[in-house]
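S.K.: Sequence and predicted structure, then a few things I'm wondering about:
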Amino acid sequence: MKNLLSFADDKQYTLFTNRDIFRLVLPLFVEQLLFILVGTADTLMVAGLGEASISAVSLVDSFNRCVNSVLFALATGGAVVVSQYLGGANLTRARESAKQLLAIALLAGTAVFAIVELLLPDVVRILYGKLPADVHAGVMSYFRITLAGVPFIAVYGGCTALFRSMNRTKTTMYISLVGNIINIVGNALFIYYFRMGVAGAAYATLAARFSSMLIILFMIANPALIVHIDFWKGFRLSWQLVKKILYIGIPGGIENGVFQFGRVLVLGLIATYGTREIAANAVANTVDMLGTICGGVFSLAVVTVIGQAVGAGDENQIRYYVVKMMKWAYSAHVLWNILVFALTPLILSCFSKIDADTRKLAWYLILIHNGIGIFLWPSSFVFPNILRSMNDVRATMCISVGSMLAVRVGFSYLIAGWIRSGVMAVWIAMIFDWIVRLTGFYWRYRSGAWIPLSLAKNGRKG
């Protein structure tokens, strides 16, 4: 069995040159940075309304991230299929797969909106238990408004996945810029000018999501694109392609959904310890999301690179790009987090209306996440997308789901009673979860079980 570094110095593979990879990841970095910075601006603007408001937005956003991660996993399934067909030079199937992906995204987003809207009071009670009255009022207001944007974000996510599969990340970067500007301007208007409070932040988010969806739908219809969608031609579901997309998308959706739902469950534990711990968790999450930008960029980029290598049907080339992308991911992640650490005191000083003890607790949480995450995060979250791009989805799902439920959720509740802090328990358990995840993923890769899955289901086959 060749080890992980067997092809690290091989120069013969040019499916993606260094320049190609750089052109892929740089716009993704800018796009993710804009998203996080605007999210930080959202948090700062809402923080001006007090701890109850920032707690309400944080609780609902945890659920929204859960839903979005499931929808984006379905989109990733489509992107893997399209990338594999592009790697196998099968443009007809790539374009048809793109159309099927958008149909799946729209149906899934609409179904989530309808079900959660119908059961919203019960969902809030089950997820968060008994909240303080002011936090509960903010949660209900913010939840109902942002929920209406779920179909928009589903379609938008499907389109961005298609652009990434074509290595056209610059397009999604510009669209993200426009959407983020709409969001931040909307926040200023609705929160402070019209004095709509938490509801104003929700309406700004909704407007940004709808605008971004319209723009990207217009762009994906451009016939000059190698993969485009002609909306004027008839459409019919192709169950063969739908099954191929869902083969990757459903396990990824289950994995991401359980992962994010586990985070929601432990947030319920944090909520039982009061507004201070909820607010500290929200502030720390703002900085932590900054710390994961580079790793997140490569978790998206590997879908394109590894997917096309799988489509080309060459095991050595797949191994070569696995090593190359992980080296790039770790290098970028470490350098970026050094910068984030340097800026953390400045970022925390912006939360002037948050109690000093809350900011201090947030600082401890950031040290736990970003300090240890320098070594563990890319292997925990970039590597599973590599395995998915190789069609090795079921084992990846089982490792992630098992670790989340048994380690992160289970340990959170066990540790909380010992250290008498829900939020510290959750973040300590998170580190153990990362260790178990990366161990399982590395073992799976070394086993070679992905080889027949990659070569039997690559883009050259039906």
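M.R.: Thanks, I have the structure now. Numbers count the residues shown, from 1 in each chain.
S.K.: how close does Thr160 get to Ser212?
M.R.: 9 Å (CB to CB, to the nearest Å). Yep, even glycine has a C-beta here, placed from its N, CA and C like the rest.
S.K.: can you check Lys99 too?
M.R.: 20 Å.
S.K.: ok, these two, which is more surrounded?
M.R.: Under the criterion of other CB atoms under 10 Å, the comparison of Lys99 against Ser212 puts Ser212 first, with 26 against 23.
S.K.: How about the contacts made by the closest residue to that one other than its chain neighbours?
M.R.: Closest residue in space to Ser212, ignoring its immediate chain neighbours: Gly179 at 3.7 Å, by CB to CB, 6 or more residues apart in numbering. Going by CB atoms under 8 Å, 6 or more residues apart in numbering, Gly179 touches Ala208, Arg209, Ser211, Ser212, Ile215.
S.K.: from the residues you listed, which ones fall inside strands?
M.R.: When the contacts of Gly179 are checked against strands (DSSP state E), there are no matches.
S.K.: from these, which would you call buried?
M.R.: Ala208, Arg209, Ser211, Ser212, Ile215 (16 or more other CB atoms under 10 Å).
S.K.: in the longest helix along the chain, what counts as buried?
M.R.: In terms of residue count, the longest helix belonging to the chain (DSSP state H) is helix 51-87. Applying a neighbour-count criterion of 16+ other CB under 10 Å, one finds 51-87 buried in helix 51-87.
S.K.: Can you name the element that comes right after it?
M.R.: Remark: after helix 51-87, the chain's next helix or strand is helix 91-118, criterion DSSP states H and E.
S.K.: packing partners for that next one?
M.R.: In terms of contacts (3 or more CB pairs under 8 Å, 6 or more residues apart in numbering; DSSP states H and E), helix 91-118 is packed against helix 51-87, helix 133-147, helix 150-165, helix 239-271.
S.K.: could you say what helices and strands the next helix or strand after it packs with?
M.R.: Using DSSP H and E, the helix or strand that directly follows helix 91-118 along the chain is helix 120-128. Helices and strands touching helix 120-128, by 3+ CB pairs under 8 Å, 6+ apart, are helix 51-87, helix 133-147, helix 239-271.
S.K.: which one of those helices lies closest to Tyr174?
M.R.: helix 51-87 (19.0 Å; CB to CB).
S.K.: The closest one to helix 150-165, inter-axis angle?
M.R.: 40 degrees (axes from the mean of the first three to the mean of the last three CA atoms, to 10 degrees).
S.K.: Can you give me the distance of the residue most central in space within the chain to Trp434?
M.R.: In the chain, the centroid-proximal residue (CA atoms, centre = their mean) is Ser69; its distance is 5.4 Å. Per CB to CB, Ser69 is found 17 Å from Trp434.
S.K.: How about Asn285?
M.R.: 16 Å.
S.K.: do the same with Asn391
M.R.: Where Trp434 is concerned, Asn391 sits at a distance of 24 Å (CB to CB).
S.K.: cool, and Val124?
M.R.: For Val124, the distance to Trp434 - CB to CB - is 30 Å.
S.K.: helix/strand/coil for Leu237?
M.R.: Put simply, Leu237 is coil when judged by DSSP: H, G, I helix; E, B strand; the rest coil.
S.K.: check contacts around it.
M.R.: Gln100, Ala103.
S.K.: pLDDT wise, what is it at?
M.R.: For Leu237, the pLDDT comes out at 82.
S.K.: one step back: give me the common contacts of Thr160 and Ser212.
M.R.: Ile175.
S.K.: that older thread, between the buried ones among the contacts of Gly179, which sits nearest Tyr174?
M.R.: Ile215 (8.9 Å).
S.K.: tell me the contacts of the closest one?
M.R.: By CB under 8 Å, 6+ apart, the neighbours of Ile215 are Ile175, Val178, Gly179.
S.K.: 6 Å instead?
M.R.: Ile175 (CB atoms under 6 Å, 6 or more residues apart in numbering).
S.K.: Report the separation between it and Ile318.
M.R.: From Ile215 to Ile318 the distance is 35 Å (CB to CB).
S.K.: do the same with Asp392
M.R.: With CB to CB as the criterion, Asp392 and Ile318 are 11 Å apart.
S.K.: which other helices and strands contact the longest helix of the chain?
M.R.: helix 18-47, helix 91-118, helix 133-147, helix 150-165, helix 239-271, helix 275-291, helix 293-312 (3 or more CB pairs under 6 Å, 6 or more residues apart in numbering; DSSP states H and E).
S.K.: Make a markdown table from the ones you listed and add distance to Met326 to it.
M.R.: Formatted as a markdown table, the helices and strands packed on helix 51-87 follow (distance: least, CB to CB, whole Å):
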| stretch | distance to Met326 |
| --- | --- |
| helix 18-47 | 12 |
| helix 91-118 | 26 |
| helix 133-147 | 35 |
| helix 150-165 | 18 |
| helix 239-271 | 19 |
| helix 275-291 | 18 |
| helix 293-312 | 8 |
